[in-house]
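Undergrad: Would you be able to build a 3D model of this:
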Amino acid sequence: MTHRHLAPDHGPARRLSLPRPTRIRAAVLAGWAAAACLPTAQAQSSPDGAATTLPTVTVNAEAEAERADGPVRGYAAQRSATATKTDTPLNEVPQSISVITADQVRDQGSPNLQEALRYTAGMRTEQYGVDNRGDWLALRGGSGGTVIDGLRRPLTGWWGIIRNDPYAFERIEVLRGPSSVMAGQNGPGGVVNLVSKRPQAERSGEIGVQLGNHGHQQVQFDLTGPLNADGTLLYRLVGLGKRSDTQVEHAFDDRELLAPSITWRPSAATSLHLYAQHQRDESGNLNAFFPADGTLLPAPHGPIPTDTFISEPAFDTYGGTRSRVGWAFEQRLNEQWTLRQNLRHDTTDGTMRSMYAAWWDGFVDANGSPDANGTYLNRYFYAADDKDRTTNADLLFEGKLKSGSVAHTVLAGVDGFQSRASQRNYGDILATPLDVYHPVYGGYSLPALPDVPETVTRTRMLGLLLQDQIKFNDRWVLVAGLRRDRSRSSVDGGATQTDEATSKNLGAVWLADGGWSPYTSYSESFEPIAGTDAAGQLFKPKRGQQVEAGVKWQPPGSRLNATASVYQLREKNRTASDPLNPGFSVQRGEVTVKGLEFELTGQIANWDLTGQYTYTDAQVTSTTADEVRYLGQQLEAIPKHSAGVWAVYRFAGLTGLSGLRIGAGLRHVGRSSDGVGHLNVPAVNVVDAMLSYDTHDWRYALNINNLADKRYVASCLERGDCWFGQGRRVVLSATYRY
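TA: From the prediction side, this is the model:
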């Protein structure tokens, strides 16, 4: 039994106001923004002192064309670089891809990555319910990866992970299915690409505040524009400060984020983007590892309250700091060829001090002895320290070549990744039981941590890639890619593991009339797995292979995207917890996922909307003789059916109501199981709502997620623990914009 999922909190007495540095920073920035809004052209005086009004000048300019790394108006993006590393129209990508824009994240009031992806096809986001320890995402029934601006995120250890805040990003892109040719060493489910906010040529900014239930308070700002007269130097400054409690007593969720960036464009052929980010997270344990009894199943004393805090408020903590610096350089060499080079370095320090329930013991008495009629659960103390130092970079050459009616976009490049991750795991220590119905804290103090050695893991990855996007007669698009990967992972004083693989993809799109684009594709993935099983055998790399077919629709002149796709995905060498050897994993042969997905996003008349339906048949289809109980079973926590629709109506043009918007969403998550057929989690329907009013300078909004405050179990795992879903969250916000 693997004890891998815990979380944390601070002390019982907490301030409910923003920390002083945040208040001071907000006040300074508010003054800066006000000064920035002063008119640049003022009335002039004539020699005799009388005011002279300048003549009115009318300027007509078209909005800047959308770029793959730029902002999107509304919900429907037209271009992306996630699938090809080139700025490509979405209807020319022969794979299923979703783009969640900053406008959609704002309208839905999504405070984290998991919630921002709840209405996305093929995505499972609440595998571990309400969990602040990371963004756990399952794509097409399997694992995926997260990249930031196309570069891999840090490989932080198990604990102290610093979650990426959606407010720092212009768009969140989801490429479904094996994606190793572009994303590198990655899981077979797909990849999530976070596209950072970059400096813009037009001066603009916003400063906002939020208040909500559970003591939520937040201030945020986003300022951008030129720094010099000729516009060759641009800046952007994004930041937020948050102090909030949660639906779990004594558990809080605090964050401070500051992300400055500068772009220098000395000529039309050259661009250098420099950026930095510092983020500090500190939070408490939102999850408890409760048993099925009292969560999914009846218990002698009724359901366990969803706000029960399983740890000790006096010492429980989770989180840390992350500092990030990097650059993105682009140089057009001539009319055909462009060079791009990107580099990012991340420094992450994380800490965990927490407790979790011994779900396998069931209910016990006050002494920790078995008692089927008891109200106590045994607890284990767990502590860990994680540090990660990661540098990754790429060098890409893009060529646009044409011969008659055939146009090529050629991409050749190399990327590298280097990480030094150190970890101290202080182990599991049996603590005092807790009455989960009437908890009393203070009976267990932070134990003396043993002097455990630091485990240092060094990882190096190198990839070579070649891709050609071929367009025939403006009707057919053929995309072919090839990649060679090499990965080397070593533990100081221990074993070294080296893996190599070649990955391929091939796809075709027909650009038909009426905005229809039927497509088909084949793609592969490669993901090394560090460590050994209980017998000391190294794990084989995880491999994925997928065949997909579908059709995309972008009606000409509209802001609407629709995709329908079917696929079959085979995943080999999937790992799972070893039931006979706690703390170890096993590899279970082959998993086959067959799926169907529909997604519609965009604008219809006065409606902004997004909707999806997902069917995922994910089963173990090949395994060892002693694992036959898994054959034919749906993978744990993966529902076969899920759907969601979100729509916002704009009262445009109505006297007195112009600027008013009202929206609502319905999320359906179908029945899921624990992977062996012992526990079945019922389907759940959750309603979200929003109301907003826009004036010239201000936006006021009310967001309510889980409107009915529905209590539900998000998932139950094979080992026997269950996880509560997110309860009602209410946030009122006011944003000043210029």
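Undergrad: number of nearby residues for Gly215?
TA: Counted by other C-beta atoms under 10 Å, the residues lying close to Gly215 total 16. Where C-beta positions appear, they are placed from N, C-alpha and C, glycine not excepted.
Undergrad: Likewise for Ser143?
TA: The number of residues packed near Ser143 is 21, by other C-beta under 10 Å.
Undergrad: Grab the most central residue of this protein for me.
TA: In the chain, the centroid-proximal residue (C-alpha atoms, centre = their mean) is Leu113; its distance is 3.7 Å.
Undergrad: Give me the mean pLDDT for stretch 598-609.
TA: Stretch 598-609 comes out with an average pLDDT of 96.
Undergrad: again with stretch 395-412
TA: Mean per-residue pLDDT for stretch 395-412: 97.
Undergrad: Can you give me the buried ones in that stretch?
TA: With burial defined by 16 or more other C-beta atoms under 10 Å, the residues of stretch 395-412 counted as buried are Leu396, Glu398, Ala407, Thr409, Val410, Leu411.
Undergrad: Can you tell me what sits against that stretch?
TA: Applying C-beta atoms under 8 Å, 6 or more residues apart in numbering, the contact partners of stretch 395-412 are 84-86, 88, 336-341, 413-415, 465-474.
Undergrad: So which other helices or strands are in contact with whichever strand or helix holds Ala508?
TA: Element membership for Ala508, per DSSP states H and E: strand 496-510. On a contact count with 3 or more C-beta pairs under 8 Å, 6 or more residues apart in numbering; DSSP states H and E, strand 496-510 meets helix 180-183, strand 476-491, strand 516-527.
Undergrad: Just the element for the residue lying closest to Gly239 once chain neighbours are set aside, please.
TA: Distances taken as C-beta to C-beta, 6 or more residues apart in numbering put Leu258 closest to Gly239, at 4.3 Å, once the chain neighbours are dropped. Secondary structure from DSSP H and E places Leu258 in strand 253-267.
Undergrad: That strand packs against which elements?
TA: Partner elements for strand 253-267 (3+ C-beta pairs under 8 Å, 6+ apart): strand 233-243, strand 270-283.
Undergrad: strands paired with the shortest one, and their directions?
TA: What it means is strand 233-243. Strand 233-243 has the following strand partners under DSSP bridges: strand 216-226 (antiparallel), strand 253-267 (antiparallel).
Undergrad: Any chance you could list what contacts the strand holding Ala508?
TA: Strand 496-510 is contacted by residues 91-95, 178, 180-181, 475-490, 517-526, 528, 530, 538, 541, 543, 552 when judged by C-beta under 8 Å, 6+ apart.
Undergrad: if we can go back for a sec, quick check: the residue nearest to Gly239 touching Leu223?
TA: No - using C-beta atoms under 8 Å, Leu258 makes no contact with Leu223, being 11.8 Å away.
Undergrad: Look at those two and report which has more neighbours.
TA: Of the pair Leu258 and Leu223, Leu223 is the one with more neighbours under other C-beta under 10 Å, namely 21 against 17.
Undergrad: Just the pLDDT at the nearest residue to that one once chain neighbours are set aside, thanks.
TA: Closest residue to Leu223 apart from its sequence neighbours, by C-beta to C-beta, 6+ apart: Gly205 at 3.9 Å. pLDDT for Gly205: 97.
Undergrad: burial measure for Gly205, as a count.
TA: Residues within reach of Gly205, counting by other C-beta under 10 Å, total 19.
Undergrad: Ok, Pro94 next?
TA: Neighbours of Pro94 under the rule other C-beta under 10 Å: 29.
Undergrad: How about Asp626?
TA: 9.
Undergrad: A helix includes it, no?
TA: Yes - the assignment for Asp626 by DSSP: H, G, I helix; E, B strand; the rest coil puts it in a helix.
Undergrad: Verify the contact between Thr532 and Phe539 for me.
TA: Yes - using C-beta under 8 Å, Thr532 is in contact with Phe539, at 6.9 Å.
Undergrad: how far away is Val648 from Arg106?
TA: 11 Å (C-beta to C-beta, to the nearest Å).
Undergrad: okay, those two: which has more neighbours?
TA: Legend: neighbour count by other C-beta under 10 Å for Val648 and Arg106, higher for Val648 (23 against 19).
Undergrad: Let me see the contact set for Glu312.
TA: Met355, Tyr441, Gly442, Tyr444, Ser445, Leu446.
Undergrad: Can you give me the distance of the nearest residue to the third one once chain neighbours are set aside to Gly443?
TA: Ranked by C-beta to C-beta, 6+ apart and with sequence neighbours excluded, the top spatial neighbour of Gly442 is Ala314, at 6.8 Å. Shown here: Ala314 relative to Gly443, a distance of 11 Å by C-beta to C-beta.
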